[in-house]
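Q: 3D, please:
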Amino acid sequence: MESGSLVIAFSITIGCSAILGNGLVIFVMTVRREQFSSFTNRLIRHQSIIDFVSGLVFLLITGIKQSSLLTTLQANIFGEIICRFLESEYFVWAVNVTSTYNLVVISLERFLATCHPVKHRNYCSLFKIKVSMCAAWIIGFVYALIFLFLHHVIKGTCRYNRTNGKIFEVFVFCWTFLIEYILPAFLISFSYVRILLVLRHKLDNANANQQDGVFSKAKRNVITTMLIAGCMFFICWTPMQMLRLILSTDIVDVFSVRGISDAFTGLVMCNMSVNPVVYCFKYQHFRTQLKQLVRSRFGQNRVRPGEESNDAPSLSVDPMQNTATTQML
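A: The predicted structure is shown next:
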């Protein structure tokens with residue numbers, strides 16, 4: 001199988017996994033909406049919605065690029081619009097950055113709830129959470145506007161625009177490196193490091209019984225979540241950033257590494273696919289709800305209103321609404 005076919009197969013696999021995984025999360029959290037009513041769970045569901053849309057967009061763009069649409073363009077406004085929006089993958093990067101900044105919102109909300117619980121109770125509201133969600137979309141789609149200037153139609157074909165100049169190319173790299181990589185990495189790392197330090201301080205000041213209880217469990221969950229989320233973010237985003245650095249130095253031509261660029265874009269999409277695993281499937285309350293939902297749908301071990309299963313926490317309790325130290329994923 002040729003490398004181009006491998007890239008296409010990889011892209012389709014990643015896109016489908018993002019759709020299926022996040023679709024399951026959306027379904028469970030929507031059907032069990034009352035059990036996922038906390039701010040954090042609303043943000044997690046919103047994260048899955050973003051990643052679900054990202055998977056759909058990625059599959060659509062992948063399919064369009066395999067057609068002859070971008071090689072038979074007219075030198076008019078309609079042709080320029082198709083070229084600039086599709087060849088630059090505007091929507092792919094806009095939704096990906098939206099997903100990244102929703103992760104930032106989640107980490108900051110957890111930081112505020114754990115390190116400043118009083119401010120969290122007084123400041124956070126459903127309206128402000130919805131504003132934060134909208135802000136993530138605005139950041140993503142405004143950020144990606146710069147990609148619309150990277151391509152134009154030349155002799156009926158969509159090509160990279162070399163007339164922008166070296167200064168503009170350097171500016172684009174710095175802009176993407178800052179918004180896609182440096183800023184979210186700093187905010188997410190800062191949030192989870194501060195959370196870890198606060199929990200460690202509370203653990204050191206707790207007695208033996210408390211250390212064997214919620215404090216140590218919360219600390220383990222924070223460490224695991226931080227390591228997985230941080231590693232996956234860097235693994236998925238670093239190759240693309242390094243490739244852009246190489247392209248900005250003119251060592252290689254952008255079209256000579258087209259296959260590599262597509263593969264690295266698919267790797268970025270992997271971050272959308274693993275989010276359900278990292279942020280939801282290791283969340284015990286979600287697993288309990290999923291298990292009970294499957295059982296109820298197949299008519300096994302139905303849980304009637306007011307009853308609880310013998311092997312799971314109460315369905316009416318959302319652990320994310322408890323105290324700051326027990327709210328961690």
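
Q: all helices for the stretch 101-250 of the chain, in order.
A: Listed in chain order, the helices of the stretch 101-250 of the chain (DSSP state H, counting those that start in this stretch) span residues 117-123, 126-143, 166-176, 183-204, 208-211, 214-248.

Q: mind checking how far the host helix or strand of Thr265 is from the chain centre?
A: Following DSSP states H and E, one finds Thr265 within helix 258-275. Relative to its chain's centre, helix 258-275 lies at 12 Å (Cα atoms, centre = their mean, to the nearest Å).

Q: Which strands and helices lie in contact with that helix?
A: Where contact means 3 or more Cβ pairs under 8 Å, 6 or more residues apart in numbering; DSSP states H and E, helix 258-275 is packed against helix 3-31, helix 39-65, helix 90-115, helix 214-248. Where C-beta positions appear, they are placed from N, C-alpha and C, glycine not excepted.

Q: Other residues contacting that helix?
A: Helix 258-275 has contacts (Cβ atoms under 8 Å, 6 or more residues apart in numbering) with 3-4, 7, 10-11, 14-15, 17-18, 21-22, 47-48, 51, 54-55, 58, 89, 92, 96, 99, 103, 232-233, 235-237, 239-240, 243, 254.

Q: Can I get it as PDB, trimmed to CA atoms?
A: C-alpha atoms of helix 258-275 as PDB (Å, rounded to 0.1, in the frame of the first residue of the first chain):
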ATOM      1  CA  ARG A 258       2.500  17.000   2.000                       C
ATOM      2  CA  GLY A 259       2.200  13.400   3.100                       C
ATOM      3  CA  ILE A 260       4.000  14.000   6.300                       C
ATOM      4  CA  SER A 261       1.900  17.100   7.000                       C
ATOM      5  CA  ASP A 262      -1.300  15.100   6.500                       C
ATOM      6  CA  ALA A 263       0.000  12.400   8.900                       C
ATOM      7  CA  PHE A 264       0.900  14.900  11.600                       C
ATOM      8  CA  THR A 265      -2.500  16.500  11.100                       C
ATOM      9  CA  GLY A 266      -4.000  13.100  11.800                       C
ATOM     10  CA  LEU A 267      -1.800  12.800  14.900                       C
ATOM     11  CA  VAL A 268      -3.300  16.100  16.100                       C
ATOM     12  CA  MET A 269      -6.700  14.500  15.600                       C
ATOM     13  CA  CYS A 270      -5.600  11.700  17.900                       C
ATOM     14  CA  ASN A 271      -5.900  14.200  20.700                       C
ATOM     15  CA  MET A 272      -9.600  14.500  19.900                       C
ATOM     16  CA  SER A 273     -10.000  10.700  20.000                       C
ATOM     17  CA  VAL A 274      -8.200  10.100  23.300                       C
ATOM     18  CA  ASN A 275     -10.100  12.800  25.200                       C
END
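
Q: How about His151: what's its closest non-neighbour residue?
A: Closest residue to His151 apart from its sequence neighbours, by Cβ to Cβ, 6 or more residues apart in numbering: Glu87 at 4.4 Å.

Q: same deal with Gly79?
A: Spatial nearest neighbour of Gly79, chain neighbours left out: Leu73 (3.9 Å); criterion: Cβ to Cβ, 6+ apart.

Q: for that neighbour, helix, strand, or coil?
A: Under DSSP: H, G, I helix; E, B strand; the rest coil, Leu73 falls in the coil class.

Q: Show the contacting residues for it.
A: Leu73 makes contact with Gly79, Ile82, Cys83, Val153, Gly156, Thr157, Cys158, according to Cβ under 8 Å, 6+ apart.

Q: out of those, which are buried?
A: Buried subset of those (neighbour count, 16 or more other Cβ atoms under 10 Å): Gly79, Ile82, Cys83, Val153, Cys158.

Q: before we move on, the earlier item: a markdown table for the helices of the stretch 101-250 of the chain, including mean pLDDT and distance to Thr265?
A: Listed next are those as a markdown table, based on pLDDT from 0 to 100; distance: least, Cβ to Cβ, whole Å:
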| stretch | mean pLDDT | distance to Thr265 |
| --- | --- | --- |
| helix 117-123 | 87 | 37 |
| helix 126-143 | 95 | 16 |
| helix 166-176 | 85 | 13 |
| helix 183-204 | 85 | 18 |
| helix 208-211 | 58 | 45 |
| helix 214-248 | 73 | 7 |
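
Q: tell me which element the residue lying closest to Leu69 once chain neighbours are set aside is part of?
A: Distance criterion Cβ to Cβ, 6+ apart; nearest residue to Leu69, sequence neighbours excluded, is Ile82 at 6.9 Å. In the assignment (DSSP H and E), Ile82 maps to helix 77-82.
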